[in-house]
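This is the structure alone, sequence omitted:
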């Protein structure tokens, strides 16, 4: 099975990407390539929907960490939604993304982003 990547148009400065299949040694370069222009656009958040991702290897985790690192200089966030249990466990074990940035649904992630933006607008930009 290969990696499937579906990119949605940005919404309110947030970029949404749906991943399916396997994110591994053979497919991580494709993800890096597809994310590069999005990361260069400096989104407020990159939301990775992993509902259809069945497997992630260390190479896939590195791609997620690389994206997270690219967002950090401009206070961008990388959020994960809908991870299957085995994917959540791998991300948790290697601490690729803080657990408070992993959400069960897109609605939960959107609520988090809305609250974050409200805090920034009110002058309290601490997460």
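Now that the structure is in, tell me what you want to look at. Computed from a prediction, not measured in an experiment: that's the story for all the values here.

From here on, just use CA atoms for contacts and neighbour counts.
Noted.

Let's test this: mean pLDDT of stretch 21-39, rounded?
For stretch 21-39, the mean per-residue pLDDT is 96.

Identify the residues contacting it?
1-5, 15, 52-60, 63, 67, 70-71 (Cα atoms under 8 Å, 6 or more residues apart in numbering).

hmm, try it at 7 Å
1-4, 52-57, 59-60, 63, 70-71 (Cα atoms under 7 Å, 6 or more residues apart in numbering).

One more: stretch 61-68?
28, 32, 77, 78, 96.

A strand includes the fourth one, no?
Right, residue 78. Yes. Using DSSP: H, G, I helix; E, B strand; the rest coil, the assignment for residue 78 is a strand.

how about the closest residue to it other than its chain neighbours, what does it touch?
Closest residue to residue 78 apart from its sequence neighbours, by Cα to Cα, 6 or more residues apart in numbering: residue 46 at 4.8 Å. The contact partners of residue 46, taken as Cα under 7 Å, 6+ apart, are 14, 15, 16, 77, 78, 79.

farthest pair in the residues you listed?
By the measure Cα to Cα, 16 and 77 form the most distant pair in the contacts of residue 46, at 11.9 Å.

before we move on, the earlier item: now which of the contacts of stretch 21-39 would you call buried?
3-4, 52-57, 59-60, 63, 70-71 (16 or more other Cα atoms under 10 Å).

Show me how far the longest strand seen in the chain is from its chain's centre.
Looking across the chain with DSSP state E, the single longest strand is strand 45-56. Put simply, strand 45-56 sits 7 Å off its chain's centre (Cα atoms, centre = their mean, to the nearest Å).

hmm, back to that, lowest pLDDT pick from the contacts of stretch 21-39?
Lowest pLDDT within these is found at residue 1 (62).

Next, the contact list for the residue most central in space within the chain, please.
Centroid check for the chain by Cα atoms, centre = their mean gives residue 48 as the closest residue, at 3.6 Å. Contacts of residue 48 were listed using Cα under 7 Å, 6+ apart, and they are 16, 17, 18, 79, 80, 81.

Show me the strands in this structure, by range?
Secondary structure of the chain (DSSP E): strands located at 3-7, 14-23, 45-56, 77-81, 102-103.
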